[in-house]
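J.: Curious how this folds, go ahead:
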Amino acid sequence: MNRTGNENNAELRSIRRLRRQAVFIRAVVFTAITLSVLALGFIVVYVLIRGIPNITPDLFAFEYTSENCSLLPALINTVTMTFMSLLIAVPLGVFSAIFLVEYSKRGSRLIGLIRSMTETLSGIPSIIYGLFGYLVFSVALGWGFSMLAGAITLSIMILPVIIRTTEEALKSIPDSYREGSFAVGAGKVRTVFKVILPSAVPGILAGIVLATGRIVGETAALVFTAGTVAQVPDSVMQSGRTLSIHMYALWSEGLNTDKAYATAVILLVIVVGLNALSAFIAKKMMKGHI
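T.: Down below sits the predicted model:
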C-alpha cells in the first residue's frame, strides 16, 4: 500500500509540475503576442497620426516639383517596378520549386546544396544586392541607373522567397492527390499543373505577397540601381524613384518630413491592401477548386 501511495503521489506531483509548466508557457506566449501587437499598433497609429493630416491634393500632382513634392510619379514607378520584378521572378521561382519538389530525386546532395544556397541568399542584406546590381547591370552592362537594372536586381533578391514558399506549398499537398491522379491515367505534367498547382495556390500567393511587400519597401538595392529621379521615366532604361526612395529622400533632406509621413501612410495602405487582395483571391480560387 505504501508503495502504491508513493507512486500516486509522484504521479500527482508530475501532473502538477506539467500544469505549472503549461501555465508558464501560456503566459510567455501571451506576453509575446501582446508585445508584438502593441508594438505594431503603436507604429501604425503613430504613422497615421503624423501622416494623414499632411495628405493634400498637391501630393498627387503628376509632375514633381520642389514645392509640391508629389508622390504620384514615385507611386507609378513603384507599380511599374513591382510588375517588372514579379514578371521575372515569379515564373523562375515557381518552376524552380516545381523541379525541386516534383522532379528532383529525394535525398540528392545536389538538391540539398541548392536549397542551402537558396536559404543563404534569402539572408543576404539588400545593400549587397544593390552593390551587385550596380556593378553588373549599371556598370558592366552599361545600363546606368535605370528601372530595368532595379527590376532585375529586385527579382534576384526576391527569388529565394518565392522558391521557398512555393516549395513548402507544394510539399503540403498530400501524396494521395498525386497517386489519385496517376491512378486515373494522368501523366506527370498534367498532375502537376492540373492537380498540385491549383491546390498550392494559396501558399504560392503568400510567397508572392511577401515578395511584393519587400519590393514596395525596398530602398538600399534601388538607390544603387534605379536611381532617385523624381519623375516617371519614358522608358525602362531611365532612372526613377519608388515610394520608399521618395520617402527616404524627403526625410534625409530634412525639409519635408511632414510629406515623408504622408508617403508612409500611402505605403502602409498599399501593403495592407495587397494582403487583403491576396487573401480574397486565394479564398475565391480555393472555392473554385473545391
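J.: Quick one: list the elements packing against the host helix or strand of residue 265.
T.: Applying DSSP states H and E as the criterion places residue 265 in helix 257-289. Packing partners of helix 257-289 (3 or more CB pairs under 8 Å, 6 or more residues apart in numbering; DSSP states H and E): helix 2-51, helix 72-98, helix 197-199, helix 201-217, helix 243-253. Just so you know, the C-beta spots here come from the backbone N, C-alpha and C atoms, and that holds for glycine as well.
J.: List just the one of those helices that sits closest to residue 134.
T.: helix 243-253 (14.5 Å; CB to CB).
J.: can you list the domain ranges for the chain.
T.: Recorded structural domains for the chain (assignment: automatic domain parsing) are 2-54, 58-289.
J.: For the longest one, the averaged confidence score.
T.: This means domain 58-289. Averaging pLDDT along domain 58-289 gives 86.
J.: Same check on the first one?
T.: Averaging pLDDT along domain 2-54 gives 83.
J.: picking up where we left off before, I'd like to know which of the helices and strands packed on helix 257-289 lies nearest to residue 137.
T.: Nearest of the helices and strands packed on helix 257-289 (CB to CB): helix 72-98, 12.5 Å.
J.: Show me what the closest one packs onto, helices and strands only.
T.: helix 147-171, helix 201-217, helix 243-253, helix 257-289.
J.: which parts of the helix holding residue 265 are buried?
T.: 258-267, 270, 274, 278, 282 (16 or more other CB atoms under 10 Å).
J.: okay, the angle between it and helix 72-98?
T.: Here the directions of helix 257-289 and helix 72-98 differ by 40 degrees (axes from the mean of the first three to the mean of the last three CA atoms, to 10 degrees).
J.: Tell me both backbone torsions, phi and psi, for residue 106.
T.: Taking degrees, to the nearest 10, you get phi -70, psi 130 for the backbone angles of residue 106.
J.: Let me know which of the domains of the chain is tucked in deepest.
T.: Mean neighbour count (mean count of other CB atoms under 10 Å) peaks for domain 58-289 among the domains of the chain, with a mean of 17.
J.: what's the distance between that one and the middle of its chain?
T.: Put simply, domain 58-289 sits 7 Å off its chain's centre (CA atoms, centre = their mean, to the nearest Å).
J.: Equivalent analysis for stretch 22-42, please.
T.: The answer for stretch 22-42 is 24 Å, by CA atoms, centre = their mean.
J.: returning to that earlier point: pipe the helices and strands packed on helix 72-98 into JSON lines and attach distance to residue 77 per row.
T.: Output for the helices and strands packed on helix 72-98, formatted as JSON lines (distance: least, CB to CB, whole Å):
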{"stretch": "helix 147-171", "distance to residue 77": "7"}
{"stretch": "helix 201-217", "distance to residue 77": "11"}
{"stretch": "helix 243-253", "distance to residue 77": "8"}
{"stretch": "helix 257-289", "distance to residue 77": "13"}
